[in-house]
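Participant: sharing a sequence plus its predicted fold:
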Amino acid sequence: MSLKIKGPVLSEDQIAVINEFKELEIFILDKINAVQNHRYLEVNPRWLATGKTDIEKGFMSLTKSIASGSTKTNGN
């Protein structure tokens with residue numbers, strides 16, 4: 001038995017742009033984690049966490065803006 005995924009049908013261009021954003025997000029979050037785990041660099045952990053969360057929310061919003069631009073849907 002396979003499950004059918006509900007949601008928008010994305011074009012190849014939409015998928016490509018979302019994948020580019022995902023690659024950028026991974027790159028930036030890796031840099032943040034490197035700063036967080038740096039042995040000799042002192043940072044304010046609360047501000048670092050806030051910045052990281054805001055970046056995650058930003059990329060999520062960008063992805064949602066592209067995905068919700070599609071008018072075709074699966075299963076709806």
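Facilitator: Thanks, I have it.
Participant: from here on, contacts and neighbour counts on C-alpha atoms
Facilitator: Noted.
Participant: check what pLDDT residue 48 gets.
Facilitator: Listed pLDDT for residue 48 reads 96.
Participant: ditto for residue 8
Facilitator: Residue 8 is given a pLDDT of 79.
Participant: angles on the backbone of it, please.
Facilitator: Per-residue torsions, residue 8: phi -70, psi 150 (degrees, to the nearest 10).
Participant: so residue 43 sits in a helix?
Facilitator: No - the assignment for residue 43, made by DSSP: H, G, I helix; E, B strand; the rest coil, is coil rather than a helix.
Participant: quick check: the closest residue to it other than its chain neighbours vs residue 18, distance?
Facilitator: Spatial nearest neighbour of residue 43, chain neighbours left out: residue 36 (7.4 Å); criterion: Cα to Cα, 6 or more residues apart in numbering. Distance, residue 36 to residue 18, by Cα to Cα, to the nearest Å: 26 Å.
Participant: what of residue 67?
Facilitator: According to Cα to Cα, residue 67 stands 8 Å off from residue 18.
Participant: ok, now residue 51?
Facilitator: For residue 51, the distance to residue 18 (Cα to Cα) stands at 21 Å.
Participant: okay, these two: which has more neighbours?
Facilitator: Shown here are residue 51 and residue 18; by other Cα atoms under 10 Å, residue 18 has more neighbours (21 against 13).
Participant: SS state for that one?
Facilitator: Classification of residue 18 using three-state DSSP returns helix.
Participant: please name the nearest non-neighbouring residue to it.
Facilitator: Among residues not flanking residue 18 along the chain, residue 63 sits closest, at 5.8 Å (Cα to Cα, 6+ apart).
Participant: what comes into contact with the helix or strand encompassing the one you found?
Facilitator: Assigned by DSSP states H and E, residue 63 belongs to helix 45-67. The contact list for helix 45-67, computed with Cα atoms under 8 Å, 6 or more residues apart in numbering, reads 8, 10, 14, 18, 21-22, 25, 29, 32, 36.
Participant: and of these, the nearest to residue 42?
Facilitator: residue 36 (8.7 Å; Cα to Cα).
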